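Visitor: next comes the sequence, and after it the predicted model I'd like to discuss.
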Amino acid sequence: MHSLPSQSSASADHVTPASASPAIENQRTVAAEACEAKADTWAMKVSENQSEREAAFRLLHQVYYRAGLTGDDDRGMRVLKHHLSDQTDVMVAKRNGTVVFTMSLVRDAEYGMPLESLFADEVQTMRNEGVQLAEVSSLASDSSLESKSEQFALLVKMISLTLQAARRRGVDRLLLAVHPRHARVYQRLFGCVICSDVREYAAVEGNPAVLCMHDFAELDKTGYPLYDQVYNPQYNPWQLDGAKMSEAEKEYFGHAVADHNSAMVALGG
């Protein structure tokens, strides 16, 4: 299981001297065990069951609702029709068993991709080239991730998971609808190419977006600053494969499918 680094519970400064009394040594042992118990356990993978997917959809709804990008919903989940496709994978990062970060890999299939509501012409041009497309969509992180550095480190690891999963599925190009103020970050650190002008998305109060593209073949040649971090370490097959929704799951989540008119929200909006 791929893990984020956590603080060690012991160091050279905490070696017990040979002359220490049993009582002091016992206190130090208890303290060390307490530190270990508090250390976070992380897991990153493609979701495998209904519980993980529901937690991801609930996190999406909470984040988008707080940001004013979606209305309230009695079910408390944000589910797109694309999530019901066997060609969509929901990625999750779990801290101590709780989903705290999610993004989705939506391959171009029976429902197309959410960002086509803004970038239909650009997507069709790429389809005409015969390349396999997928969108990185539905990104959300838990508010408990307070540190900017922690958030960014987790974003890199989740993008790494998503890119490796996409390649395993035969995807040639990844597409992202990104808020303009974040587009240059994806461009500079992940080699993405901005391939549209700024579009205003009326359904989410004019939230702007640009289309970014990550071309695997091209970037394997040129590289980019975080290339080595994206592909090292390699995730295990079980982390990349996940499990598809059962028909019962599709029926369950189908009742919570979001309004199609507000399906696409720019990453980093």
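Guide: Good, I have the coordinates. Every value quoted in this text rests on a predicted model; they were computed, and no experiment measured them.

Visitor: in the helix or strand containing Thr162, what counts as buried?
Guide: Element membership for Thr162, per DSSP states H and E: helix 148-168. For helix 148-168, burial by neighbour count (16 or more other C-beta atoms under 10 Å) applies to Leu154, Leu155, Lys157, Met158, Ile159, Ser160, Leu161, Thr162, Leu163, Gln164, Ala165, Ala166. Yep, even glycine has a C-beta here, placed from its N, CA and C like the rest.

Visitor: the first one contacts Leu145, correct?
Guide: Looking back up the chat, that one is Leu154. Yes: look at Leu154 against Leu145 with C-beta atoms under 8 Å: they come within range, at 6.7 Å.

Visitor: shared neighbours, the two?
Guide: Val100, Phe101 (C-beta atoms under 8 Å, 6 or more residues apart in numbering).

Visitor: leaving out sequence neighbours, find the closest residue to Glu48.
Guide: Of all residues not flanking Glu48 in the chain, Ala243 sits nearest, at 4.4 Å (C-beta to C-beta, 6 or more residues apart in numbering).

Visitor: contact partners for the one you found?
Guide: Contacts of Ala243 (C-beta under 8 Å, 6+ apart): Ser47, Glu48, Asn49.

Visitor: where does this structure dip in pLDDT?
Guide: 1-38, 146, 201-206, 258-269 (pLDDT under 70).

Visitor: ok, back up a step: distance from the chain centre to the helix or strand following the helix holding Thr162, please.
Guide: As assigned by DSSP H and E, the chain's next helix or strand after helix 148-168 is strand 173-178. Mean-position distance between strand 173-178 and its chain equals 13 Å (C-alpha atoms, centre = their mean, to the nearest Å).

Visitor: which helices and strands does the helix or strand following strand 173-178 pack with?
Guide: Next in sequence after strand 173-178, counting helices and strands by DSSP H and E, comes helix 180-190. Judged by 3 or more C-beta pairs under 8 Å, 6 or more residues apart in numbering; DSSP states H and E, helix 180-190 is in contact with strand 193-194, strand 207-215.

Visitor: put the alpha carbons of helix 180-190 into CSV.
Guide: In CSV, the C-alpha atoms belonging to helix 180-190 read as follows (Å, rounded to 0.1, in the frame of the first residue of the first chain):
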residue,chain,number,x,y,z
PRO,A,180,-7.5,29.9,-15.1
ARG,A,181,-5.6,30.9,-12.0
HIS,A,182,-4.4,27.3,-11.5
ALA,A,183,-3.8,26.4,-15.1
ARG,A,184,-0.2,27.5,-15.1
VAL,A,185,0.5,25.3,-12.1
TYR,A,186,-0.6,22.2,-14.1
GLN,A,187,1.3,23.6,-17.1
ARG,A,188,4.5,24.2,-15.3
LEU,A,189,4.6,21.1,-13.0
PHE,A,190,2.8,18.4,-15.0
